[in-house]
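Chemist: please find the sequence and the predicted model below.
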Amino acid sequence: MTELCEVALPVPLRSTFTYAAPASFAAPASGMRVVVPFRNRAMVGVVVANEQADARREGVREISEVLDAEPALTAPLIALGRWVASYYLAPVGEVFRTMLPPVVEVRAVRELSRTAAGTEYLRELEALEERTGEERAEVAVLRAFAAGGEPLRAAPLRRAAGGESAIARLLHRGALEARVVARRRTSAAVEFASDAPAEWAPDAPRPALNAEQASVLDAIRAEIAAGEFRVNLLHGVTGSGKTEVYLGAIEAALAAGRTALVLVPEIALTMALSRLLEARLGREAGVTVLHSALPDGERSAAWWAVRRGTARVVVGTRSAVFAPLERLGLVVVDEEQEASYKQEETPKYNGRDAALVRAKLEGAVVVLGSATPSLESYQNARRGKYRLLELPERVAQRPMARVELVDLREDFRHTHATRAVGERLRAAVAERLAAGTQALILINRRGYSWFQLCRSCGVAVQCKNCSISLTYHKQRARLVCHYCAYSRPVPAACPKCSQKYMYFVGEGAEQVEEQLRAEFPQARIGRLDRDSVRTQQAYRTILDAFAAGELDVLVGTQMLAKGHDFHRVTLVGVVSADLALGLPDFRAAERTFQLLTQVAGRAGRGELHGDVLIQTHYPEHYAIQAGARQDYHAFFEKEAQFRRAMHYPPFAALANVIVRAKSLENAARWARQLAAILGPEEERGLKVLGPAAAPLARLRGEHRLQFLIKSPRKTPLTQALTRALDACGEKGIPEGAVLVDVDPIGLM
Ligand code: ADP
Ligand code: ZN
């Protein structure tokens, strides 16, 4: 009898691999990480299933090492990983890599050994009367190996004079062989100070819940006590006190002997929430933060603290949905509609949807919270699949912010100027400065200008790798691609027609900041976007400065719109509500509505009353109208009509399939083949649109063609895509050439 293990390896393939457990050690259980040989390297994977076989199959290699004494992944997590892989058609090993802690126990070492041909070649070199410098270096490398002896580590050999290039030549002629092996680190290096010095946590006073909060919480508590899978959609306006409801639910889960998982849309929001939870729940709860930006050592230590059960509450971003909590009783997904829950790289999963599947596997209660639920979730609540819980009022009788739309066409008629901050908004900022309160100015574009255009030939300066115009960044004095990071100096003459009539179009955050500084030289103005804050630390510093009243005005991108609770903000200005509306995307209106509602929610959160000014060219658009009134129901009705008529989610299942290749010829050929493969699916009720040039027809030097596939239901869509990818494989289309995005958030 041999024990065969099905191992998921971090390679971009949709299959797992079979390895045998050697007789020398006990066969690893499902969920344990193992080191195995793959091609000519050692790789860390995870065992996802075992079977007893009578005979060893031909060509099955042996596991070299078992890393875990206890399974890293529990059975429900293995099931969840398999679901993610099959639903999103993602490479199974890459899914499990996302789920596992960073591998800190072993490191990869490159080893070299001398081949028979190498021994032969050494003899030839030694027989030469005179040797070139290159040959002398080769002799030195080859002599380092004892005949038929052990492989040597490559690093010291490379460091010798001429070693690096000698090794390259010797590998090329087959005189040396290279492989990558895994070496265990000494245990001292693996131990981490998991007990970081206790941070002082001020015990935030616990407000008495108002009647609505109490009744919502009672409903959730009853479900937690029942201990079964249930989904609640908590629709609460901004400032309605949803966090207190989450807190009460977490306490109930802990009291019931279960654990709790809280997902938030941004890394920046994990810190404040975890501090609050720790202050309220006490140290015993072991509140732990998990997100992908933690250094490997820290993340590994936190992950294992959760796995060993010392941490019972996890706060994290998308990937924390895989936190190895056991006896999971509650999952909270805050701002469930956020696009950041969807991973844009492979595996393209949605953390919210994975959370629902996980809760189902573990019999946990889910609370999806939002002021602007996604159409998907709200529709599920209307169909009775989720329970709808509502908090329609702000806490403590605080009024909703007053929202005013500023018609930029009017502004232009008066001023005949196109400035980012129009007359009305400028005056409103001046009022706040005079009153000594604060203003937030939202501009949803980075950089200084959207692009640089030639007046003579009408062409905008493009990225050399992508079919997109470059954005002008004044501080860096460069044109930058926001997709591939390519940048170039700002040309004085048009790269196409060489005429010197270049001008800049559109306003970004840098320009808005510059304009405000010019208009209000006395004001203390800060900017918050990915260019001005590159680290979490810098981000905290500027937010803390604003919260402490050291800044009067904060200009920023949508980073500003989320979650933060500033009490002295009495004005929120939106430089343009129109940006998202122009995108070729069925969620454009929803995005606009969500952004406006959230932004409006940032004003008047304390004792002071707040105003919101929204600049727009389309004041009559329903997303802008409903956003201004913060009227979710009106927006939902209108948007649902459009989605239903156009067969878009939530009234149809959707997948975006991109075929990409370095050469347009390959991309076009594979797309034609895929079209032929997908054709018959139309008879099964699917709708296949495409192939057409993708909105980004070139990205990072690759040509892209796009299919949109719609289906009345999800299961037939998954099945069709699985069949299609299998058929692509049979036709020899490389796996990486076909990118499938199930339930896409954006269609770019
Ligand atoms: P939401 O997430 O719904 O926008 P928060 O949970 O951030 O709202 O709550 C808004 C503010 O109201 C917070 O400062 C919170 O401490 C406070 N708060 C919550 N519940 C109450 C209550 N019952 N009474 C008074 N203040 C409350
Ligand atoms: Zn680019």
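Modeler: Received the coordinates, thanks. Computed from a prediction, not measured in an experiment: that's the story for all the values here. Ligands and ions are numbered 1, 2, ... in the order given.
Chemist: stretch 256-275 and ligand 1 in contact?
Modeler: No - Stretch 256-275 lies out of reach of ligand 1 by C-beta under 6 Å from any ligand atom, never closer than 9.9 Å. Backbone N, C-alpha and C define where each C-beta goes, glycine included.
Chemist: give me the distance from that stretch to the chain's centre.
Modeler: 17 Å (C-alpha atoms, centre = their mean, to the nearest Å).
Chemist: stretch 80-88 now?
Modeler: With C-alpha atoms, centre = their mean, you get 17 Å for stretch 80-88.
Chemist: just the C-alphas of that stretch, formatted as PDB.
Modeler: Once non-C-alpha atoms are left out, stretch 80-88 reads as follows in PDB (Å, rounded to 0.1, in the frame of the first residue of the first chain):
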ATOM      1  CA  LEU A  80     -13.700  26.900   0.500                       C
ATOM      2  CA  GLY A  81     -10.400  26.900  -1.600                       C
ATOM      3  CA  ARG A  82     -11.900  24.300  -3.900                       C
ATOM      4  CA  TRP A  83     -15.000  26.400  -4.300                       C
ATOM      5  CA  VAL A  84     -13.000  29.500  -5.100                       C
ATOM      6  CA  ALA A  85     -11.000  27.600  -7.700                       C
ATOM      7  CA  SER A  86     -13.900  26.100  -9.400                       C
ATOM      8  CA  TYR A  87     -16.300  29.000  -9.200                       C
ATOM      9  CA  TYR A  88     -13.800  31.600 -10.400                       C
END
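Chemist: give me the contacts around it.
Modeler: For stretch 80-88, contacts defined as C-beta atoms under 8 Å, 6 or more residues apart in numbering pick out 8, 14, 48, 73, 90-92, 95-96, 99, 322, 347-349, 354, 357-358, 361, 718, 722, 740, 742.
Chemist: PyMOL command for the buried members of those?
Modeler: Selection of the buried residues among the contacts of stretch 80-88 in PyMOL, burial being defined by 16 or more other C-beta atoms under 10 Å:
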select buried, resi 8+14+48+73+90+91+92+95+96+99+322+347+348+349+354+357+358+361+718+740+742
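Chemist: neighbours around the residue of the stretch 551-700 of the chain found nearest ligand 1, how many?
Modeler: Scanning the stretch 551-700 of the chain for the residue nearest ligand 1 gives Asp565, at 5.2 Å (criterion: C-beta to the nearest ligand atom). Neighbourhood size, Asp565 [other C-beta atoms under 10 Å]: 13.
Chemist: what helix or strand does it sit in?
Modeler: Using DSSP states H and E, Asp565 sits in no helix or strand.
Chemist: likewise Ile614?
Modeler: Here Ile614 is assigned to strand 611-616, by DSSP H and E.
Chemist: list the contacts for the residue of the stretch 51-200 of the chain found nearest ligand 2?
Modeler: The stretch 51-200 of the chain approaches ligand 2 most closely through Glu94 (24.3 Å), counting by C-beta to the ion. By C-beta under 8 Å, 6+ apart, the contact set of Glu94 is 10-12, 346-347.
Chemist: again, 6 Å this time
Modeler: Shown in contact with Glu94 (C-beta atoms under 6 Å, 6 or more residues apart in numbering): 10, 346-347.
Chemist: and if you look at Ala667?
Modeler: For Ala667, the contact set (C-beta under 6 Å, 6+ apart) comprises 659, 661, 703, 705.
Chemist: cool, Arg629 as well?
Modeler: Applying C-beta under 6 Å, 6+ apart, no residues contact Arg629.
Chemist: what parts of the stretch 351-500 of the chain come near ligand 1?
Modeler: Checking the stretch 351-500 of the chain against ligand 1 by C-beta under 6 Å from any ligand atom, the hits are 395-396.
Chemist: circling back to that earlier point, need the CA coordinates for the strand holding Ile614. PDB is fine.
Modeler: Coordinates of each C-alpha in strand 611-616 appear next as PDB, following Å, rounded to 0.1, in the frame of the first residue of the first chain:
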ATOM      1  CA  ASP A 611     -23.000  70.700   3.900                       C
ATOM      2  CA  VAL A 612     -22.000  68.900   0.800                       C
ATOM      3  CA  LEU A 613     -21.400  70.500  -2.600                       C
ATOM      4  CA  ILE A 614     -21.300  68.400  -5.700                       C
ATOM      5  CA  GLN A 615     -20.000  69.900  -8.900                       C
ATOM      6  CA  THR A 616     -21.400  68.200 -12.100                       C
END
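Chemist: elements contacting that strand?
Modeler: strand 402-407, strand 569-574 (3 or more C-beta pairs under 6 Å, 6 or more residues apart in numbering; DSSP states H and E).
Chemist: deepest-packed of these, please.
Modeler: Ranked by mean neighbour count under mean count of other C-beta atoms under 10 Å, those are led by strand 569-574, which reaches a mean of 26.
Chemist: who in this protein is up against ligand 2?
Modeler: 463, 465-466, 481, 483-484, 486 (C-beta under 5 Å from the ion).
Chemist: got those residues as a markdown table, with pLDDT columns?
Modeler: Compiled in a markdown table, the residues of the chain next to ligand 2 are given as follows (pLDDT from 0 to 100):
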| residue | pLDDT |
| --- | --- |
| Cys463 | 94 |
| Asn465 | 94 |
| Cys466 | 94 |
| Cys481 | 95 |
| Tyr483 | 91 |
| Cys484 | 91 |
| Tyr486 | 95 |
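Chemist: nearest to Gly601, out of the helices and strands packed on strand 611-616?
Modeler: With respect to Gly601, and counting by C-beta to C-beta, the nearest of the helices and strands packed on strand 611-616 is strand 569-574 at 8.8 Å.
Chemist: which one of the residues of the chain next to ligand 2 has the most neighbours?
Modeler: Cys463 (24 neighbours).
Chemist: what helix or strand is Thr288 located in?
Modeler: For Thr288, the enclosing helix or strand under DSSP H and E is strand 287-290.
Chemist: got a list of what the most centrally placed residue in the chain touches?
Modeler: Computing the C-alpha centroid of the chain and ranking residues by C-alpha atoms, centre = their mean puts Gln343 first, at 4.0 Å. Neighbouring residues of Gln343 by C-beta under 6 Å, 6+ apart: Tyr349.
Chemist: kindly report the same for Asp411.
Modeler: Listed by C-beta under 6 Å, 6+ apart, the contact set of Asp411 reads 422-423.
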